[in-house]
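>>> only geometry, no sequence info:
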């Protein structure tokens, strides 16, 4: 740990307070016995067991000795014994911890097993055990607490050594023939110093508290010597007469213990979290007025849809920046674009599922006849109900791992249609059969991890079919699957669409996948729609970006001697988009006109593109190859 | 692998293998515990009987007591006798009172057990809703003030050991307010302060763990799936978030429970609670080793049992863990 990090730990307010406290305690430990050592022993027969007086601020004990002075003087003994116990604990812990690395495999494993066994027992039980062996008294208690803490410290050393031992430089040292002990002293221990120092600091706090506990029980420091724990035990007997006699040493123990613990934790925090993140949510943007205009024919209508996130430097960034999207009932629309184009977030915004930090605004947003913006969450849930079904990208993580698949499906109708348990499960089995999951009765009783990826994705689709959705949003439903399984899932989506008449929005980075399933394609780039066109007009794509996407799809006619076409450059960062057309920096046709943002305008019937220089020459691509497998 | 085992039920039931492995580990731990409890008396430097009876005790008495305890036999014989006696429920006889140790433990155990169990129930009842609620309130970096207040308060309170908390509680609620009795075991009101002292720190510690774990689960894909199903919030939290945050809750909960079982020693001594904790301390002070041995065995066995129960619960809660564990 560098000097910088120590300084950083001290600049941390908690760390600074803890360090200041420790310095004060250390000073007290040195000074107090010299100044008040004798006065604290002085008995005052005239003032036995008194409460607070002007002469004895915190009162006196049974022999008339001043409590305040005794608490101050006890600092040295309490801290000293705790540090001694910590030292024993660290030494034995490190020895036990590195032993497995020094000994042979079998002996090392034995040590590890012994440590694991000892760790299972609480420290206090071990301390009591050792206190019996070493006898009652300060020496026995130091040994007991030191030994009792050793197993958990050893475990810590072992895990850290194991983590470091696998690194390249240790392996290199081994190969170079560095001896075991030298390996430990020069290569292992110095590299695990940080966590050990941190934990030893915390440990010292624990030892202090444990020591107070043993002394309080009468098993630690014996009279006439006294430490805080002893004073606490004596004070507790007379808590009705003079509460300060018990409270003062108690407070001293807590303060000292906390000082060690907090210092250790703030060092750990500084070491562990190097970059201090500070994120403040900026004031919400003024949302444009929502114009409610029913569009009966559309199951989804969005105008100027924007999704904003609080930016690191303040303000907002908009990964989705003014998307217009209309999906008619029963229509199949594909949204394509590179990763980062905002297509998935558009889908989440439409479904009202954006992450907590995001803010969604729109000129108009209507989903299945519901305008969700500006409504409370509960209201949206109630209104949308089962009208929108989602199929997510990763079927491995999208199911609740601790709930049987059948119940996860049945939950939909149990909640929304108030169906009984049995009826809902029966429907779940039926829907699993619909999506061609074999042996659906048995499968419904299994957990998600017992399903294969493709089967899970089919179960996810079945979950959407539990009721009658008006819109199915499938966000990269085949990306995480094998090619053969991809086909099955796409065909299933198509069948489902044909049977239920639900509209489908398919989101993919793969224009070939979209072309297989959809009637219409929406191309997104840098948070905006750059072109929308019917799938059979893909050959006449007007936007250079759409054309570049199409060119990057290999087909049977692709000349295999030439490298695959790629799109040079990368999409712009949402927080740093160019003023005009976002694609201009990567576009071979860009000129000065492209410094202005183009809006979507018709280039042909049913085809709109946002480009100042729409291409008109038909693309040289065999659509059959692109849309291959559509049959 | 997973699918394989699932597809062939009965061929290799993972539960049987898991329980066998786990019981084996318990037996091994118990054996070590018994050996240590037996060895304790032999590890004491000098003659434990002489130490117990004092330097002034006549030699004949010491010898007679050594003979009665079997300390003059060869070590192996002693160990076999000790284990054999254990199996018949005989933990030896107290050196100071002459009462069988098992009888003493039988009298004291209920007081300790009721204290520990009550405290554990309180910990669970407080920690789970508190941690879950805090996770929901502070998710996605919301309510920074609440988060800071909760984390710092819980960190400080959890760092105060139970016996100091007990002293503070005695002062506030016993001495100053006079609401609850400060010593002894009586009706329900006598339980309030000891249980509070024992459970407050662990409850806050566990609540912190539950919050951190629940925050991680809230970011999982399947929670988004649950939201996509438009389930009521409460159902999302209780059915989809909480069960998946259970693993570390249980692990830490088990650790806390075993810590609390032994923590009763200190709390019992603050509240003059007539349990095993009071007995073991007075026995250590009186060098009444058979009693100490017996009580150490009981505490240790309780801790091991708690660990076993936690492992089994973990396996039940997470259907993958039985198979995953190596």
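On my side now, so go ahead. It should be emphasised that the depicted structure is a prediction, and the values quoted were computed from it without experimental measurement.
>>> which helix or strand contains residue A:110?
Using DSSP states H and E, residue A:110 maps to helix A:105-119.
>>> for chain B, what are the nearby residues on the stretch 151-300 of chain A?
A:205, A:209, A:212-213, A:216-219, A:232, A:236, A:239-240, A:243, A:246-247, A:250, A:253-254, A:257-258, A:261-262, A:265, A:279, A:281 (C-beta under 8 Å from any C-beta of the partner chain). For the C-beta atoms, the positions are set from N, CA and C on the backbone; glycine is no exception.
>>> out of those, list just those in strands.
Nothing among those maps onto strands, per DSSP state E.
>>> buried only: go through these for me.
A:205, A:209, A:212-213, A:216-219, A:232, A:236, A:239, A:243, A:246-247, A:250, A:253-254, A:257-258, A:261-262, A:265 (16 or more other C-beta atoms under 10 Å in any protein chain shown).
>>> which is the next helix or strand following whichever helix or strand residue B:167 is part of?
If you go by DSSP H and E, residue B:167 is part of helix B:162-169. Following helix B:162-169 in sequence order, the next helix or strand is helix B:189-218 (DSSP H and E).
>>> how many neighbours does residue B:104 have?
Burial of residue B:104 is recorded as 22 neighbouring residues (other C-beta atoms under 10 Å in any protein chain shown).
>>> residues touching it, list them.
B:94, B:97, B:279, B:291, B:294 (C-beta atoms under 8 Å, 6 or more residues apart in numbering or on different chains).
>>> and it, what element?
helix B:101-137.
>>> which other helices and strands contact the helix holding residue A:110?
Judged by 3 or more C-beta pairs under 8 Å, 6 or more residues apart in numbering or on different chains; DSSP states H and E, helix A:105-119 is in contact with helix A:67-102, helix A:138-165, helix B:14-43.
>>> so which of these is nearest residue A:460?
Closest approach to residue A:460 among these is made by helix B:14-43 (26.6 Å; C-beta to C-beta).
>>> buried residues in the closest one?
So, applying 16+ other C-beta under 10 Å, buried residues of helix B:14-43: B:14, B:18-19, B:22, B:25-26, B:29, B:32-34, B:36-38, B:40-41.
>>> who are the packing partners of that helix?
Under the contact rule (3+ C-beta pairs under 8 Å, 6+ apart), helix B:14-43 is packed against helix A:105-119, helix A:123-134, helix B:75-87, helix B:289-317, helix B:321-324.
>>> apply 10 Å and report the result again.
If you count contacts as 3 or more C-beta pairs under 10 Å, 6 or more residues apart in numbering or on different chains; DSSP states H and E, helix B:14-43 packs onto helix A:105-119, helix A:123-134, helix B:2-7, helix B:48-53, helix B:75-87, helix B:289-317, helix B:321-324.
>>> quick one: average pLDDT of it?
What helix B:14-43 shows for mean pLDDT is 86.
>>> tell me which parts of the stretch 401-550 of chain A are close to chain B?
A:401-404, A:407-409, A:411-412, A:414-416, A:442, A:446-452, A:460, A:463-464, A:466-467, A:473 (C-beta under 10 Å from any C-beta of the partner chain).
>>> residue 183: neighbouring residues, count only.
Let's take chain A. 19.
>>> the chain in question should be chain B.
15.
>>> same check, this time on residue A:182
11.
>>> what does the one 10 residues further on give?
Neighbour count for residue A:192, taken as other C-beta under 10 Å: 21.
>>> ok, now which ones touch the closest residue in space to it that isn't next to it in sequence?
Spatial nearest neighbour of residue A:192, excluding adjacent residues (C-beta to C-beta, 6 or more residues apart in numbering or on different chains): residue A:160 at 3.9 Å. Residues counted as contacts of residue A:160 (C-beta atoms under 10 Å, 6 or more residues apart in numbering or on different chains) are A:97, A:98, A:188, A:189, A:191, A:192, A:193, A:194, A:195, A:196, A:199.
>>> from these, pick the one nearest chain B.
Chain B has its nearest neighbour among these in residue A:199, at 14.9 Å by C-beta to the nearest C-beta.
>>> show me where the stretch 401-550 of chain A has its strands.
A:471-475, A:503-508, A:520-525, A:528-534 (DSSP state E, counting those that start in this stretch).
>>> possible to save those strands as TSV with mean neighbour count and mean pLDDT?
Below are the strands of the stretch 401-550 of chain A laid out as TSV (neighbours: other C-beta atoms under 10 Å in any protein chain shown; pLDDT from 0 to 100):
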stretch	mean neighbour count	mean pLDDT
strand A:471-475	25	90
strand A:503-508	26	92
strand A:520-525	24	92
strand A:528-534	23	90
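>>> those strands into JSON lines, with extra columns for distance to residue A:106?
Converted to JSON lines, the strands of the stretch 401-550 of chain A look like this (distance: least, C-beta to C-beta, whole Å):
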{"stretch": "strand A:471-475", "distance to residue A:106": "53"}
{"stretch": "strand A:503-508", "distance to residue A:106": "55"}
{"stretch": "strand A:520-525", "distance to residue A:106": "61"}
{"stretch": "strand A:528-534", "distance to residue A:106": "66"}
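>>> need the winner for burial among the helices and strands packed on helix B:14-43.
helix A:123-134 (a mean of 23; mean count of other C-beta atoms under 10 Å in any protein chain shown).
>>> which elements pack onto that helix?
helix A:138-165, helix A:193-217, helix B:14-43, helix B:246-270, helix B:276-285, helix B:289-317.
>>> ok, the closest residue to residue B:111 other than its chain neighbours - contacts?
Excluding the flanking residues, the one nearest residue B:111 by C-beta to C-beta, 6+ apart is residue B:275, at 3.8 Å. By C-beta under 10 Å, 6+ apart, the contact set of residue B:275 is B:107-116, B:185, B:194, B:264-265, B:267-269, B:295.
>>> cutoff 6 Å now
For residue B:275, the contacting residues are B:108, B:111, B:112, B:268, by C-beta atoms under 6 Å, 6 or more residues apart in numbering or on different chains.
>>> can you count the residues close to the second one?
Put plainly, it is residue B:111. Neighbours around residue B:111, by other C-beta under 10 Å: 19.
>>> and what of residue A:501?
Counted with other C-beta under 10 Å, residue A:501 comes out at 11.
>>> so what's it up against?
Applying C-beta under 6 Å, 6+ apart, the residues contacting residue A:501 are residue A:330.
>>> next one: it from residue A:350, what distance?
Distance, residue A:501 to residue A:350, by C-beta to C-beta, to the nearest Å: 19 Å.
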